[in-house]
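Participant: with the input below, show me the fold.
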Amino acid sequence: MFVRVKRYATSGKWRDSGVRYYLVDNQRTAGPVRQRVVFDLGRYPTVEAALGALPVEAAEARSQAEDCRRRIAELLEQERQTLRQQEEQQAQHDGRDPDPRRWEVSELPKPRRAALSKASQFRCRCYWTLRKLVPLYEGRAATQEADLARLRQLVAESGLKIDEAAVAQGGHAALADIAGQKARTGHIFAGLFGPQES
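Facilitator: Numbers count the residues shown, from 1 in each chain. Purely as a prediction, here's the structure:
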């Protein structure tokens, strides 16, 4: 087996071309040798790089899904506190006891409601964006874990010699990529959630 490189155009233009790597096997079946793609390595140039990076990236995707869940819970708590304050003020004005059912919410409303304040609309937009991100991150993690298991099985069946130092280097490169992505995008929710965890 060997690695084949394929270039592809992004945005329909070759000047913005990217590269994908494929693990290819030669097979002779009653005639000429045929080449068969046995694994899509994606952006990893070697099998070792993929073996090192996939577990790191799968763990990071799981961590991002958990981070989104934590932020969703924080948004719900913020909304409960806001509703509780409003209910307590209204109850004091009306001369009655506050009703706890008024501030029990299981999810935030869609942000398109005109009755919401700008702060509530922003909170609702963040909430629904995070709700969409959770299954995306979980799906990415599941795909990477399945790819890793399949690649390990291919390596075991084919008897490929794997350089463990290169595998470790692939994991370190993936960690560096993740740190760079966090540094570039960590400010997005900083105004709402406070400083991002490193």
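
Participant: can you pull out the helices in this protein?
Facilitator: Listed in chain order, the helices found in the chain under DSSP state H are 47-94, 118-158, 164-185, 190-193.

Participant: name the residues of the third one that come out as buried.
Facilitator: By neighbour count with 16 or more other CB atoms under 10 Å, helix 164-185 contains the buried residues V167, Q169, G170, G171, A174, I178. In this view, the C-beta of every residue, glycine as well, is placed from N, C-alpha and C.

Participant: minimum pLDDT in those residues, which residue is that?
Facilitator: pLDDT is lowest at I178 among these; the value there is 76.

Participant: for the residue nearest the centre of the chain, which non-adjacent residue is spatially closest?
Facilitator: With distances taken as CA atoms, centre = their mean, Y137 lies nearest the centre of the chain, 3.4 Å away. Taking CB to CB, 6 or more residues apart in numbering, and ignoring the residues beside it in sequence, Y137 has A65 as its nearest neighbour in space, at 3.9 Å.

Participant: per-residue pLDDT, that neighbour?
Facilitator: pLDDT, A65: 92.

Participant: what sits against it?
Facilitator: By CB atoms under 8 Å, 6 or more residues apart in numbering, the contact list for A65 reads L133, V134, Y137, E138, A141.

Participant: give me the buried entries from the residues you listed.
Facilitator: Of all the contacts of A65 considered here, the ones buried according to neighbour count by 16+ other CB under 10 Å are L133, V134, Y137, E138, A141.

Participant: quick check, nearest of the residues you listed to R70?
Facilitator: Lowest distance from R70 to these (CB to CB) belongs to V134, with 10.7 Å.

Participant: I'd assumed D67 was in contact with that closest one.
Facilitator: No - taking CB atoms under 8 Å as the definition, V134 is not a contact partner of D67, at 9.6 Å.

Participant: ok, back up a step: now tabulate the contacts of A65 in CSV and tack on distance to S117 and pLDDT.
Facilitator: What follows is the contacts of A65, written out as CSV (distance: CB to CB, whole Å; pLDDT from 0 to 100):
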residue, distance to S117, pLDDT
L133, 24, 92
V134, 26, 93
Y137, 30, 93
E138, 32, 94
A141, 36, 94
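
Participant: done for today, thanks.
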